[in-house]
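**Q** the sequence and its predicted three-dimensional model are supplied below.
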Amino acid sequence: MVAVTVEKLEKVFPPNVYALKDVNVSIKDGEFLVVLGPSGSGKTTFIRCIAGLETPTRGRILFGDVPIVDVEKGVNVPPAKRNVGMVFQNWALYPHMKVFDNIAFPLKIKKVPKEEIKKRVKEVAEALGISELLDRYPRQLSGGQQQRVAIARALVKEPQVLLMDEPFSNLDARLRISAREFVKSLQRKLKVTTILVTHDQHDAYALADRLMIINNGVVQQIGTADEILNNPANVFVAQFFGDPPINILEGEGRGDYVDLGDLKIPVKAPPGRLQVGIRPTDVYIAERPMAPGDVELQPARVVLVEYLGFTPVAVIKWEKSEMRAIAYDKVKEGSIVKVFLRKDNVKLFKDSIRISNI
Ligand code: ATP
């Protein structure tokens, strides 16, 4: 196990695609970092640079205090010498090899003695609950089982760092949840420094000690899930992380409130054009306030009722402004309802960057 430090990492693909721009992050020994971002944001490039499958154009990567990449000094430790375990999106199992041989493969390459290989495959198979499957071919396994084999193969060489690129994307919704739980508890048990890449915020929320949110090759924010939910650095982060998605409305700061034209949001706000961010969990339909400090907004009309799990979420509308709000009372589409706001949780942005509420 080892800490991973990434400094000023840049990757430019010819002719001029900046897949990563000045990425800086320190991953603690034993930490679980999830890299979250939309398609094409640079997630895979990031993890491949750490694995050694991609050569950065700038920057440094250190395992502990050992540089494995230092572009300026010409250091680039080959992948096989980095001692990382990698789990790919499609698991990349060898179809013509039985599970045992798939798992044993990295050790065979390293010319580990046969008896030692047997012992280590057996151990890792037990840890992953796949001892019964060693004699089967990958095609004879379920998706979840194949994934465990891929993880076993990544772990058998006792890597310093475990890298996983969208490891759940081939699983159906239910398997995905159990696979997530499994990966989380395994990581806790083994305490291996882990970096997992996903575009799925639910994966990220369930797994991460800390999250790194990336967009267009630029790190937007690094923090725990709660830090990022409560304190998003900008509008992109606020919109990308959080379910149901945050309401973002344009308005004008007027000191004691934000003027949305047809609606006043009673929070202190500096003068000028602003964006207001209100999570649907912070605005609700009810007969009376649910907590001290919550304030009543002007009544709104229910346009639509959706469900978040079993909780009704209503789309409500004033003259022009529209929001999603939790509906604590049963509401009918078309009805006029009372709306309350947890105003301490309202987030303000100027030019899409978070500003503190004054
Ligand atoms: P996805 O979630 O769709 O897999 P990602 O976040 O993993 O996306 P990357 O695969 O890292 O994104 O790609 C980042 C950017 O770099 C994209 O614009 C992509 O088109 C570009 N890119 C990736 N690999 C290459 C390559 N070999 N040559 C040129 N451009 C590339």
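**A** Looks like it arrived, so ask away. Numbering: from 1, shown residues only.
**Q** remind me which residues of the chain are low pLDDT?
**A** 357-358 (pLDDT under 70).
**Q** tell me where it has helices.
**A** With DSSP state H applied, the chain shows helices at 43-51, 99-109, 114-127, 143-155, 173-190, 201-207, 225-230, 235-240, listed in chain order.
**Q** indicate which one of these is closest to Val219.
**A** Among those, helix 43-51 comes nearest to Val219, with 9.4 Å by CB to CB. All C-beta spots, glycine's among them, are computed from the backbone N, C-alpha and C.
**Q** anything in that closest one near the ligand?
**A** Yes - judged by CB under 6 Å from any ligand atom, helix 43-51 and the ligand are in contact via Lys43, Thr44, Thr45.
**Q** distance check, the nearest residue in space to the second one that is not next to it in sequence against Glu158.
**A** Computed as CB to CB, 6 or more residues apart in numbering, the closest residue to Thr44 that is not its neighbour in sequence is Asp165, at 5.8 Å. Asp165 is 20 Å from Glu158, where distance means CB to CB, to the nearest Å.
**Q** which residues are in contact with the closest residue to the ligand within the stretch 101-250 of the chain?
**A** The stretch 101-250 of the chain approaches the ligand most closely through His199 (5.0 Å), counting by CB to the nearest ligand atom. By CB atoms under 8 Å, 6 or more residues apart in numbering, the residues touching His199 are Leu36, Gly37, Pro38, Ser39, Lys43, Glu166.
**Q** rewinding a little: of Asp165 and Glu158, which one has the most company?
**A** When neighbours are counted by other CB atoms under 10 Å, Asp165 comes out ahead of the other of Asp165 and Glu158, with 21 against 12.
**Q** contact partners for that one?
**A** When contacts are counted by CB under 8 Å, 6+ apart, Asp165 is found next to Lys43, Thr44, Ile47, Met86, Val87, Phe88, Gln89, Leu196, Val197.
**Q** the second one touches Ile195, doesn't it?
**A** Put plainly, it is Thr44. No - with the criterion set as CB atoms under 8 Å, Thr44 and Ile195 do not qualify as a contacting pair; they are 11.6 Å apart.
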